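Asker: Just the structure for this:
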Amino acid sequence: MIRRLVAIAVLGGVLASAVYVFRFGWPEPLRPIMERLSLTTAQKKAAPTQPPPMIPEVEVITVEPKKEVPFPIVYAGRIAGFREVEVRAQVGGILLKREFDEGARVKKGQVLFRIDPAPFQAALDRAEAQLEQDRATLREAEENYTRIRQLQQRDFASRRQLDEATRVRDQAKAAVRAAEAEIRTAKLNLGYTVIEAPVAGVTALTSPPEGSLVQAQQTLLTSITQLDPAYVNFSFTNEEAQEFRRLNEQREKPLTEKDLTVELHFGDGTVYPHEGRIDTAAQRVDARTGTIQARAIFPNPDGTLLPGLFVRIVIRGVTLPNAIIIPEAAISQGPQGPFVFVVADENKAEVRPIRLGPQLSQGRVVEEGLKADDRVITSGILRVRPGGTVKPVPAGPRPQGQTPPAGAPAGGPP
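Answerer: Alright, predicted model coming up:
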């Protein structure tokens, strides 16, 4: 009973308050608060609805396969001498003099060393004396043969005497020929005491000191590296060789080594002024490295290319038939590999997986996934969603300092 009376009293108070506010308004202390609450409620009711999202503007290129695209191939290489010649003495003796500066360049036929010629000169003199002796013996034998033959024709000498005279004469002739051969040998040995450069090139930095005993065909006097022309050794993988064969099979006229030229770049980026060519390539794969060894050859008239120098070579003349090239900025990477966004019908963005080929200065070659007249998005990719509508505009050069609409490629498609 008491609760009911309290409830009736409270309800009566609320009704009385409502009638008071309706007739006289809110009391002065509560009026600012209630007006602020009323204004907030009205603003919320009057707030406009959010506009629909804007269609992103993207730049696109139209795929146009190119009939022939130059494909320069770059390899790391190392310069080697055209020929490495070891200079050894052909006769033994005391080394009298070295006629060149160690490490200097020498010309073909230039005198390098001198070995003591005295023993060989004596041997030549002895051979010449022996020849004179044998010639005197031959003259005596020929005179005796002539006399015996005449006597035998008159029956004053027997046949046996004529045969003996013939034998002595022939032995004397053989002795003369042997003496002449000894002279030639002695002259050769005497000439070998002056050692000349067999080729033009750069000599080694070390050689036996003067006064050393040189042993024939054993003592290494110096080595000469022929610099002109110069080799550049490089290697490529078996996969690269198979790819080149595949490209060659697609051509109407296959490329040969004569169609290729080689350009040499030094470590600082400068280009060697002389053009080279492919010299040879091994016909087997190196078991240690899994690569195929090859060699290019360059003219080196000034000796600029020094053996052991690391360089880069660029093989030119290879072309890619019917190649599709797109900018790097158009390529994105996803969990399944590289892909691009293509503008399909009704300007809908479509994800297109691709298989990439080599990278060129113009962009990246696409081997699979695109065809002629496809519209590839190259800029604004961050705002593109698969299946979303886009506003394509042709890609073109921008003034310096102007940035593309939406930056770099995005990650994988959501």
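Asker: Show me the helices in this protein, by range?
Answerer: Secondary structure of the chain (DSSP state H): helices at 2-24, 31-46, 118-153, 159-192, 238-249.
Asker: tell me the angle the third one makes with helix 159-192.
Answerer: It refers to helix 118-153. On the basis of axes from the mean of the first three to the mean of the last three Cα atoms, to 10 degrees, helix 118-153 is oriented at 160 degrees to helix 159-192.
Asker: And the last one, by the same measure?
Answerer: Orientation check (the same axes, to 10 degrees): helix 238-249 against helix 159-192 gives 100 degrees.
Asker: now for helix 238-249, which elements pack on it?
Answerer: The contact analysis (3 or more Cβ pairs under 8 Å, 6 or more residues apart in numbering; DSSP states H and E) places helix 238-249 against strand 291-298. Every residue, glycine included, has its C-beta placed from N, CA and C.
Asker: Name the residues that touch the strand it packs on?
Answerer: 77, 82, 229-238, 241, 262, 264, 272, 274-282, 284-286, 305, 313 (Cβ atoms under 8 Å, 6 or more residues apart in numbering).
Asker: List the contacts of Ala395.
Answerer: By Cβ under 8 Å, 6+ apart, Ala395 lies in contact with Glu59, Val60, Ile61, Thr378, Ser379.
Asker: where's the fourth one relative to Val214, distance?
Answerer: Applying Cβ to Cβ, to the nearest Å, the value for Thr378 to Val214 is 74 Å.
Asker: do the last one as well
Answerer: Distance, Ser379 to Val214, by Cβ to Cβ: 76 Å.
Asker: Next: the first one.
Answerer: From Glu59 across to Val214, the span is 78 Å (Cβ to Cβ).
Asker: that older thread, mind giving me the ChimeraX select for the contacts of strand 291-298, buried ones only?
Answerer: To isolate the buried members of the contacts of strand 291-298 in ChimeraX, using 16 or more other Cβ atoms under 10 Å:
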select :77,82,229,230,231,232,234,235,236,262,264,272,274,276,278,279,305,313
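Asker: which residues touch stretch 352-367?
Answerer: With Cβ under 8 Å, 6+ apart as the criterion, stretch 352-367 contacts 69-71, 320, 323-328, 331, 336-342, 368-370, 374.
Asker: Could you list the buried residues of that stretch?
Answerer: Applying 16+ other Cβ under 10 Å to stretch 352-367 flags Arg352, Ile354, Gly357, Gly363, Arg364, Val365, Val366 as buried.
Asker: Show me which of those residues has the smallest pLDDT value.
Answerer: When the buried residues of stretch 352-367 are sorted by pLDDT, the bottom entry is Gly357 at 82.
Asker: Against Leu247, how distant is it?
Answerer: Taken as Cβ to Cβ, the span from Gly357 to Leu247 is 10 Å.
Asker: joint contacts of the two?
Answerer: Shared contacts of Gly357 and Leu247, counting by Cβ under 8 Å, 6+ apart, come down to Leu320.
Asker: Any regions of the stretch 251-400 of the chain where pLDDT drops low?
Answerer: Applying pLDDT under 70 to the stretch 251-400 of the chain flags the ranges 397-400.
Asker: how about the strands in it?
Answerer: Assigned by DSSP state E, counting those that start in this stretch, the stretch 251-400 of the chain shows strands spanning 261-265, 277-281, 291-298, 310-316, 319-326, 332-334, 337-343, 349-353, 355-360, 363-368, 375-379, 391-394.
Asker: what's the closest of the ones you listed to Glu128?
Answerer: Nearest to Glu128 among the strands of the stretch 251-400 of the chain is strand 291-298 (49.0 Å), distances taken as Cβ to Cβ.
Asker: Counting neighbours, which bits of that closest one end up buried?
Answerer: Thr291, Ile292, Ala294, Arg295, Ala296, Ile297, Phe298.
Asker: can you check stretch 83-91 too?
Answerer: In stretch 83-91, counting by 16+ other Cβ under 10 Å, buried: Val87, Arg88, Ala89, Val91.
Asker: Excluding covalently adjacent residues, which one is nearest to the last one?
Answerer: This points to Val91. With Cβ to Cβ, 6 or more residues apart in numbering as the criterion, Val91 has its nearest non-adjacent residue at 4.5 Å, and that residue is Tyr192.
Asker: what sits against the one you found?
Answerer: So Tyr192 contacts Ala89, Gln90, Val91, Ile115, Phe120 (Cβ under 8 Å, 6+ apart).
Asker: and if you look at Ala123?
Answerer: Counting by Cβ under 8 Å, 6+ apart, Ala123 touches Ala186, Asn189, Leu190.
Asker: And Leu247, by the same measure?
Answerer: Leu247 neighbours (Cβ under 8 Å, 6+ apart): Val318, Leu320, Pro321.
Asker: go on, Glu239?
Answerer: Listed by Cβ under 8 Å, 6+ apart, Glu239 has no contact partners.
Asker: Can we start the residue count at 59 from this point?
Answerer: Got it, first residue is 59 now, which makes that one Glu297.
Asker: Give me the pLDDT value at it.
Answerer: Value listed for Glu297 in the pLDDT field: 84.
Asker: in stretch 357-376, what's buried?
Answerer: By 16+ other Cβ under 10 Å, the buried positions in stretch 357-376 come out as Asn358, Thr362, Leu363, Pro365, Val369, Arg370, Ile371, Ile373, Arg374, Gly375, Val376.
Asker: before we move on, the earlier item: as JSON lines, the contacts of Leu305 with distance to Glu238 would be great.
Answerer: What follows is the contacts of Leu305, written out as JSON lines (distance: Cβ to Cβ, whole Å):
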{"residue": "Val376", "distance to Glu238": "63"}
{"residue": "Leu378", "distance to Glu238": "71"}
{"residue": "Pro379", "distance to Glu238": "71"}
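Asker: wait, what's in contact with the spatially closest residue to Leu271 that is not a sequence neighbour?
Answerer: In this structure, Leu271 finds its nearest non-sequential neighbour in Ile152, 6.2 Å apart by Cβ to Cβ, 6+ apart. The neighbours of Ile152, taking Cβ under 8 Å, 6+ apart as the test, are Ile173, Asp174, Gly269, Ser270, Leu271, Val272.
Asker: what does Asn306 give?
Answerer: Asn306 touches Pro312, Leu313, counting by Cβ under 8 Å, 6+ apart.
Asker: ok, Thr319 touching Leu313?
Answerer: No. Using Cβ atoms under 8 Å, Thr319 is not in contact with Leu313, being 11.6 Å away.
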